[in-house]
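Enquirer: Here is a sequence with its predicted model. Questions after.
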Amino acid sequence: MAIKKNPPFPNNYAKEFLVLDHGKGSYLYDSDGRAYLDFAGGIAVNSLGYGNKSLEKSITEQVKKLIHVSNLFTTQPAVDLATMLTRSSPLEKDQPWEAGKDPGYFQAVHFGNSGTEANEGAIKYARLYASRKKNPNGHKILACTNGFHGRTLGALSATHTEKYRKPFEPLIPGIEFVPLNDAEGLKSILNRDFCGVIVEPVQGEGGLTCMTKAFAQELNRLCKELDIVLIADEVQTGLGRTGTLFASQSCGLEPDIITLSKPLAGGLPLSATLLPQKVNELVQIGDHGTTFGGGPVTCAAAITIWETLNSPGFLEVVREKSQLLEDGLADLIADSDKLGFMKGRGLLRGVEVRDPELLPNIINRAKELGLLVLRSGSNVIRLAPPLTIKDDELYDGLRILRTIMEEV
Ligand code: PLP
């Protein structure tokens, strides 16, 4: 393995890195030429795998034309992408986006550069919505225990994990937490002191727990009744990862705002905060902004991603592969007393490891055997392979996992 020890990165990162050099399809290669089957996908980013020709073409053609203009100007890729995203609706279950269709549920898109920034924007828009309404709600935000929304101070304040928060306190005030899927808790806590609720339909970092339909329904109802902005953080779950365009669709969540990032621009940094008319009509010039967000290169890449995901049959194939992975993991769990429940949905899947102390060994052993996997929470093996992964590659990965579970 090509390992680099102690590069001059801050101590918040590992002391040892696998040095990757290039990728092809579902495989990554280290600088010694060793292959790794990628079930990590750059943390659920590389949805089309590596070396996708259309993605390469859209990026290189745009790089040759124009790289940056700032948000004082715009470019055709930014306008086209925003138009595509505003024509999508999480409410239209399983309906792929179609060119030329009427504008959908969202009216505007604020482009940024990362997931945390998308959520930072969403929290600001929720606060702005409340403060500009004639009869404003309070400024509080509700989030879920075990949720993860990012590392900048606003998004971090809505992130539950103590370890990430503690060294940076005091964080922004007025953020409260409720356990995901605790509909009764939700009812007792939510009131007009809140301007927004931010939730993940599947908790990507916090253990891959899926939102139940009952919880989603209660959230929809209460947010409508109390005029609270409902934000779906689909930074990790969005754009086909769980088998539907948005994961909100599978649990029936009806968000006012959706945040997207990881896979949006095929590995280039881009985020989108999708806004409904009721929020956008209260926003004024200068309220929010960014220098790099929505640059022409990232937007050109994102158009290719969007068109690929929405091409006929693409998500259907993702669902077929998801089923295959689910079946394989179910067999694995049935054969190993070290594994617990299956978690996640679609191609964002996980398996609970009964003894959390085994998890680092499993991840390291997988790497040694040429398979890259992730962790989620303290005890879940997280798998987020490219959406384009082939069936036999899924079987190969499952076989490696089986070998490891027989060893540990
Ligand atoms: N929201 C969710 C659900 C995430 O999974 C992540 C990152 O893992 C973020 C927000 C933060 O994204 P970024 O690391 O791009 O800031």
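Expert: Everything's here; your move.
Enquirer: Report the contact partners of whatever residue of the stretch 251-400 of the chain ends up closest to the ligand.
Expert: The minimum distance from the stretch 251-400 of the chain to the ligand, using C-beta to the nearest ligand atom, falls at Ser261 (5.1 Å). Where you see a C-beta, it was placed from the backbone N, CA and C, and this is true even at glycine. Counting by C-beta atoms under 8 Å, 6 or more residues apart in numbering, Ser261 touches Gly112, Ser114, Gly115, Glu117, Ala118, Val235, Leu270, Ser271, Ala272.
Enquirer: Go again with 7 Å.
Expert: Neighbour list for Ser261: Ser114, Gly115, Ala118, Val235, Leu270, Ser271 [criterion: C-beta atoms under 7 Å, 6 or more residues apart in numbering].
Enquirer: can you check Phe194 too?
Expert: Phe194 makes contact with Asn137, Gly138, Lys140, Ile141, Leu142, Ile228, according to C-beta under 7 Å, 6+ apart.
Enquirer: Run through the bridge partners of the third one.
Expert: To tie it back to what came earlier, the one meant is Lys140. Judged by DSSP bridges, the bridge partners of Lys140 are Phe194.
Enquirer: Identify the residues contacting the closest residue to the ligand within the stretch 101-250 of the chain.
Expert: Relative to the ligand, the nearest point of the stretch 101-250 of the chain is Gly115 (2.2 Å; C-beta to the nearest ligand atom). Going by C-beta under 7 Å, 6+ apart, Gly115 touches Gly150, Val235, Ser261, Lys262, Ser271.
Enquirer: The host helix or strand of Ile404: which residues count as buried?
Expert: Element membership for Ile404, per DSSP states H and E: helix 391-407. Residues Glu393, Leu394, Asp396, Gly397, Leu398, Ile400, Leu401, Ile404, Met405 are the ones in helix 391-407 that count as buried (16 or more other C-beta atoms under 10 Å).
Enquirer: isn't the second one right up against Leu324?
Expert: Yes. Distance between Leu394 and Leu324: 5.6 Å, which falls inside the contact criterion (C-beta atoms under 7 Å).
Enquirer: neighbours around the residue lying closest to Glu205 once chain neighbours are set aside, how many?
Expert: Distance criterion C-beta to C-beta, 6 or more residues apart in numbering; nearest residue to Glu205, sequence neighbours excluded, is Phe148 at 3.6 Å. Residues near Phe148, counting by other C-beta atoms under 10 Å, number 28.
Enquirer: Next: Leu324.
Expert: 16.
Enquirer: Which among the contacts of Phe194 count as buried?
Expert: Asn137, Lys140, Ile141, Leu142, Ile228.
Enquirer: among those, which one has the lowest pLDDT?
Expert: By pLDDT, Asn137 ranks lowest within these, coming in at 78.
Enquirer: That one contacts Asp227, doesn't it?
Expert: Yes. If you go by C-beta under 7 Å, Asn137 and Asp227 touch, sitting 6.5 Å apart.
Enquirer: tilt between the helix or strand harbouring Leu332 and helix 391-407?
Expert: Following DSSP H and E, one finds Leu332 within helix 314-335. Between helix 314-335 and helix 391-407, the angle comes out at 20 degrees (axes from the mean of the first three to the mean of the last three C-alpha atoms, to 10 degrees).
Enquirer: Off-centre distance for stretch 397-408?
Expert: On the basis of C-alpha atoms, centre = their mean, to the nearest Å, stretch 397-408 sits 27 Å off its chain's mean C-alpha point.
Enquirer: quick one: average pLDDT of that stretch?
Expert: Here stretch 397-408 scores 97 as its mean pLDDT.
Enquirer: Can you pull out the residues in contact with it?
Expert: For stretch 397-408, contacts defined as C-beta under 7 Å, 6+ apart pick out 37, 39, 328, 332, 336, 338-339, 358, 361-362, 365-366, 369, 371.
Enquirer: how about a cut-off of 8 Å?
Expert: Looking at stretch 397-408 with C-beta under 8 Å, 6+ apart, the contacting residues turn out to be 37, 39, 325, 328-329, 332, 335-336, 338-339, 358, 361-362, 365-366, 369-371, 373, 381, 383, 385.
Enquirer: any idea how far Glu407 lies from Asp355?
Expert: From Glu407 over to Asp355 the distance is 14 Å, taken as C-beta to C-beta, to the nearest Å.
Enquirer: now the helices: where do they sit in the protein?
Expert: Applying DSSP state H to the chain gives helices spanning 41-44, 53-65, 76-86, 115-132, 153-157, 162-165, 183-189, 213-226, 248-251, 277-280, 296-309, 314-335, 359-368, 391-407.
Enquirer: Select, out of the ones you listed, the one closest to Ile257.
Expert: Closest to Ile257 of these is helix 115-132 (C-beta to C-beta; 4.9 Å).
Enquirer: now the closest one: mean pLDDT?
Expert: Mean predicted lDDT for helix 115-132 stands at 97.
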